[in-house]
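**Student:** Fold the following for me, if possible:
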Amino acid sequence: MKIQRLIYYMLLTVLIASCQKTSNEVQIKDVDPLPSWNEGASKSAILNFVQSVTDSTSASFVDVEDRIAVFDNDGTLWSEQPMYFQLAFALDQIKKMAPNNPEWKETEPFKSVLNNDIASVMQQGEGALIQIVLATHGGMTADAFEANVVEWMKAAKHPRFNRPYTDLIYQPMLEVLKYLRANDFKTFIVSGGGIGFMRPVTNLLYGIPAEQVMGSMMKVEYDKENKVINRYPELAFIDDKSGKPVGIYNFIGKKPIAAFGNSDGDLQMLEWTSTNENSFMMFVHHTDAEREWAYDSLSHIGRLKEGFGVATTSGWTIADMKKDWKVVYPFELDK
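**Tutor:** From the prediction side, this is the model:
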């Protein structure tokens, strides 16, 4: 009797443990990896793609070492209106540096910046903006520049939301990044923004370490005497449009199987990715003027015109911010 009772309790224990395991597996399986996405074509496309390339029985299966996903930053992972965050940083730096550059009071485009006449700065065109960037991003060590970025990120606030710029990251895209990494993807930023501007904050904001961030670069050189990296007011590489596939080839060394962008500047990156047999391409379409901004083909920032046409005819995913996203920013979750 004692042996029978012992066997009974052993079998009961195994049965309970098995039920608990099955229950836990169901609960894990039922967790929505993209809770800030409304049900619809965009969300389904992301889920179906990841499931197909990670299922070892699927004809679309992709080995872990080839699961590379690339993301633009401005307008794809964080906002970019009413101006690129890096430009806002550069304008603030001009004011900070002005006491050591008294000639700027009478020299454009610096004069307009100091007079807070941003409209005049913009009217002066791309050349004026490049002057501002070169003046504020070069002539110092890499460490000094990154310290300036971190200091600015902590103090500066966005003019519309009165929140730190770092609050204006997209919650739905954070979920995509997390979901991909949970399925053994390696995630990279490939942005037209400055590499030195992004790297100090990308790990904190997105979980993407500095070594997985590519962007436009200033000329840098190693100072053997002082053992530092010096930045010079000269552009060395522009990581935009055709520069994006080139940058990926040079720095990652593998063609991505997933690419996310929001503008025509990302088109070539998505086109190159699409030449992989099992690939996923997505544009974030800014359609929500109430929660963020609504813009595309007529915008001077983040223009999406040619890319929209290619995406439509090629069957790529176009995520409609207003329709597809339950929330835009993480701070909306607290409401």
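**Student:** can we go C-alpha only for contacts and neighbour counts from here?
**Tutor:** Will do.
**Student:** Which parts of the stretch 1-150 of the chain are helices?
**Tutor:** 2-30, 41-54, 85-97, 110-114, 118-123, 126-137, 142-155 (DSSP state H, counting those that start in this stretch).
**Student:** Go through these and find the least confident stretch.
**Tutor:** Ranked by mean pLDDT, the helices of the stretch 1-150 of the chain bottom out at helix 2-30, which scores a mean of 51.
**Student:** For this protein, which element, helix or strand, carries the lowest mean pLDDT?
**Tutor:** Sorting the helices and strands of the chain by mean pLDDT, DSSP states H and E puts helix 2-30 at the bottom, at a mean of 51.
**Student:** What segments of the stretch 201-335 of the chain are helices?
**Tutor:** Using DSSP H, counting those that start in this stretch, helices in the stretch 201-335 of the chain cover 243-251, 267-274, 306-314, 321-324.
**Student:** what's the closest of those to residue 37?
**Tutor:** Residue 37 sits nearest to helix 321-324 of all the helices of the stretch 201-335 of the chain, at 5.7 Å, using CA to CA.
**Student:** contacts for that closest one?
**Tutor:** For helix 321-324, the surrounding residues in contact (CA atoms under 8 Å, 6 or more residues apart in numbering) are 37-40, 42-43, 284-288, 328.
**Student:** One more: stretch 246-255?
**Tutor:** Against stretch 246-255 from outside (CA under 8 Å, 6+ apart): 66, 68, 190, 214, 239, 272-273, 276.
**Student:** out of those, what pair is the most spread apart?
**Tutor:** Going by CA to CA, the pair spanning the contacts of stretch 246-255 furthest: 66 and 239, at 22.4 Å.
**Student:** These two: who's more crowded?
**Tutor:** Higher neighbour count among residue 66 and residue 239: residue 239, with 24 against 14, using other CA atoms under 10 Å.
**Student:** Can you list phi and psi of that one for me?
**Tutor:** When quoted as degrees, to the nearest 10, the phi and psi of residue 239 stand at phi -90, psi 70.
**Student:** if I read this right, it contacts residue 216, doesn't it?
**Tutor:** Yes - counting by CA atoms under 8 Å, residue 239 does reach residue 216; the two are 4.6 Å apart.
**Student:** shared neighbours of these two, which are they?
**Tutor:** Any residue near both residue 239 and residue 216 by CA under 8 Å, 6+ apart counts here, and that gives 191-193.
**Student:** Output the residues you listed in JSON lines, with distance to residue 163 appended to each entry.
**Tutor:** Formatted as JSON lines, these follow (distance: CA to CA, whole Å):
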{"residue": "191", "distance to residue 163": "23"}
{"residue": "192", "distance to residue 163": "24"}
{"residue": "193", "distance to residue 163": "21"}
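**Student:** out of the residues you listed, which are inside strands?
**Tutor:** 191-193 (DSSP state E).
**Student:** So which of those wins on neighbours?
**Tutor:** Counting by other CA under 10 Å, top hit in these: residue 191 with 28 neighbours.
**Student:** in terms of contact, does it touch residue 73 like I think?
**Tutor:** Yes - between residue 191 and residue 73 a contact is recorded at 5.5 Å, counting by CA under 8 Å.
**Student:** Pull the residues that contact stretch 101-120.
**Tutor:** Under CA under 8 Å, 6+ apart, the answer for stretch 101-120 is 91, 94-95, 98, 121, 124, 128-129, 131-132.
**Student:** Show me which residues of that stretch are buried.
**Tutor:** For stretch 101-120, a neighbour-count test (16 or more other CA atoms under 10 Å) marks 104-105, 108-114 as buried.
**Student:** for stretch 323-335, same thing?
**Tutor:** So for stretch 323-335, counting by 16+ other CA under 10 Å, buried means 324-329.
**Student:** Quick check: mean pLDDT of that stretch?
**Tutor:** 95.
**Student:** Need the distance between the two termini of it.
**Tutor:** 20 Å (CA to CA, to the nearest Å).
**Student:** Repeat that for stretch 207-226.
**Tutor:** 32 Å.
**Student:** picking that back up, can you list the helices of the stretch 201-335 of the chain in TSV and add distance to residue 280?
**Tutor:** TSV is the format used below for the helices of the stretch 201-335 of the chain (distance: least, CA to CA, whole Å):
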stretch	distance to residue 280
helix 243-251	15
helix 267-274	7
helix 306-314	11
helix 321-324	17
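**Student:** Out of those helices, which is closest to residue 162?
**Tutor:** If we rank the helices of the stretch 201-335 of the chain by CA to CA, the stretch that ends up nearest is helix 321-324, at 21.6 Å.
**Student:** From the chain's centroid, how far away is that closest one?
**Tutor:** 18 Å (CA atoms, centre = their mean, to the nearest Å).
**Student:** what does stretch 309-322 give?
**Tutor:** In terms of CA atoms, centre = their mean, the centre of stretch 309-322 is found 18 Å from the chain centre.
**Student:** Restricting to C-alpha, output it in CSV.
**Tutor:** C-alpha atoms of stretch 309-322 as CSV (Å, rounded to 0.1, in the frame of the first residue of the first chain):
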residue,chain,number,x,y,z
GLY,A,309,5.6,55.0,-54.8
VAL,A,310,8.2,52.3,-54.8
ALA,A,311,6.8,50.8,-51.6
THR,A,312,3.3,50.8,-53.0
THR,A,313,4.1,49.1,-56.2
SER,A,314,6.6,46.7,-54.6
GLY,A,315,4.2,45.6,-51.8
TRP,A,316,6.3,46.8,-49.0
THR,A,317,4.8,47.6,-45.6
ILE,A,318,3.7,51.2,-45.0
ALA,A,319,2.9,51.8,-41.4
ASP,A,320,0.3,54.5,-41.0
MET,A,321,1.1,56.3,-37.8
LYS,A,322,-2.5,57.5,-37.1
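**Student:** Thanks a lot, see you next time.
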